[in-house]
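>>> pasting a predicted model and its sequence here:
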Amino acid sequence: MIAPDLETAIDELQDLVERARVIAPFTGAGISTECGIPDFRSPGGLWTKNRPIPFDEFLAGQEMRDEAWRRRFAMDAPFSAAQPGRGHLALASFYRAGKAPAVITQNIDNLHQSSGISTEHVIELHGNNSYALCLGCGKRYELSWVRREFTAASERAPDCECGGHIKTATISFGQQMPEREMRRAEQLTLDCDLFLAVGSSLVVWPAAGFPQLAKRNGARLVIINREATEFDEIADLVIRQDIGTVLSPFVVH
């Protein structure tokens, strides 16, 4: 059912939340746009300005690694200044109330952690953009260190002391999905009786399969997104309204 107006949408969602035993929140880039972080596919989004650098290209050449880090540091301003929005705070309220054991996210912006959800309960399917990892030995590097080395070497991406390439802790196209996180996301999806998809276009697989899995397992499915998705027809409630406005009544301070 597509909610005909904002008031109806909030009332219907309130009823579903109150009746839910376990909520599985699943978030995409749309939940963070009000925080100043552009999404990927919309007009003016990140991918309209720069083609994503596939993982194999990152591995294959120094030039691509340099370009990847130039792009990351160019995004510093919006990422560093971003604070959790009303959607993040609402989901954090569900978490604190014991309704949502964790949140599944396609986002890399660290805003769920900043909203008060414990890092161990943020299931990051596409990684995290706020630090870096060595692809060889797995050593963690802070971005401040990478920036210093990058700048000192005339914008040449540094490598790890083990010789491995250092990359933001994100999952690029062509890079293997994190097995542990995918298993955790699947388990929460199977445990829930309300699956709440927020701000995701639901087109990136395999992550996009979780709403369908939840529905097949008997859970109610709610989709809150500005644009239509391919799963709207199977959803119990579809809300095509501003995410922050829809979820702000659920924020408990």
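That came through, no problem.

>>> work out for me the element the most centrally placed residue in the chain sits within.
Nearest to the mean C-alpha position of the chain, by C-alpha atoms, centre = their mean, lies Asn107 at 1.8 Å. Remark: Asn107 resides in no helix or strand, with elements defined by DSSP states H and E.

>>> next one: Ala132
strand 127-134.

>>> any idea how far that strand is from the chain center?
Centroid separation for strand 127-134 versus its chain: 14 Å, with C-alpha atoms, centre = their mean, to the nearest Å.

>>> so where do the helices sit in the stretch 151-253 of the chain?
Along the stretch 151-253 of the chain, counting by DSSP state H, counting those that start in this stretch, helices occupy 179-191, 209-216, 243-247.

>>> please identify the most buried of those.
helix 243-247 (a mean of 21; mean count of other C-beta atoms under 10 Å). The way it works is simple: take the backbone N, C-alpha and C, and place the C-beta from them, glycine included.

>>> before we move on, the earlier item: wait, doesn't the residue nearest to the centre of the chain sit right on Gly28?
Yes - between Asn107 and Gly28 a contact is recorded at 6.8 Å, counting by C-beta atoms under 8 Å.

>>> one step back: tell me the strands beside the strand holding Ala132, with direction?
Counting by DSSP bridges, the strands paired with strand 127-134 are strand 140-142 (antiparallel), strand 166-170 (antiparallel).

>>> okay, the angle between that strand and helix 179-191?
160 degrees (axes from the mean of the first three to the mean of the last three C-alpha atoms, to 10 degrees).

>>> pull strand 127-134 out as CSV, backbone CA atoms only.
Extracted C-alpha coordinates of strand 127-134, given in CSV (Å, rounded to 0.1, in the frame of the first residue of the first chain):
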residue,chain,number,x,y,z
GLY,A,127,32.3,-0.8,4.6
ASN,A,128,33.2,2.5,6.2
ASN,A,129,34.8,5.7,4.7
SER,A,130,36.2,7.1,7.9
TYR,A,131,39.3,5.0,8.1
ALA,A,132,41.5,2.9,5.8
LEU,A,133,42.8,-0.7,5.8
CYS,A,134,45.8,-2.4,4.2
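
>>> next helix or strand past the helix or strand of the chain with the lowest mean pLDDT?
For the chain, using mean pLDDT, DSSP states H and E, the weakest element among its helices and strands is helix 46-49, scoring a mean of 52. Beyond helix 46-49 on the C-terminal side, the first helix or strand identified by DSSP H and E is helix 55-60.

>>> average pLDDT across that following helix?
What helix 55-60 shows for mean pLDDT is 96.

>>> ok, and what's touching that helix?
Residues outside helix 55-60 that contact it (C-beta atoms under 8 Å, 6 or more residues apart in numbering): Met64, Arg65, Ala68, Leu135, His165, Lys167, Ser172, Phe173, Gly174, Gln175.

>>> and these as JSON lines, adding pLDDT, distance to Ser80 and neighbour count?
Output for those, formatted as JSON lines (pLDDT from 0 to 100; distance: C-beta to C-beta, whole Å; neighbours: other C-beta atoms under 10 Å):
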{"residue": "Met64", "pLDDT": "96", "distance to Ser80": "24", "neighbour count": "16"}
{"residue": "Arg65", "pLDDT": "97", "distance to Ser80": "22", "neighbour count": "21"}
{"residue": "Ala68", "pLDDT": "96", "distance to Ser80": "18", "neighbour count": "20"}
{"residue": "Leu135", "pLDDT": "97", "distance to Ser80": "24", "neighbour count": "18"}
{"residue": "His165", "pLDDT": "98", "distance to Ser80": "24", "neighbour count": "18"}
{"residue": "Lys167", "pLDDT": "98", "distance to Ser80": "19", "neighbour count": "23"}
{"residue": "Ser172", "pLDDT": "93", "distance to Ser80": "21", "neighbour count": "18"}
{"residue": "Phe173", "pLDDT": "91", "distance to Ser80": "25", "neighbour count": "13"}
{"residue": "Gly174", "pLDDT": "92", "distance to Ser80": "28", "neighbour count": "13"}
{"residue": "Gln175", "pLDDT": "94", "distance to Ser80": "24", "neighbour count": "17"}
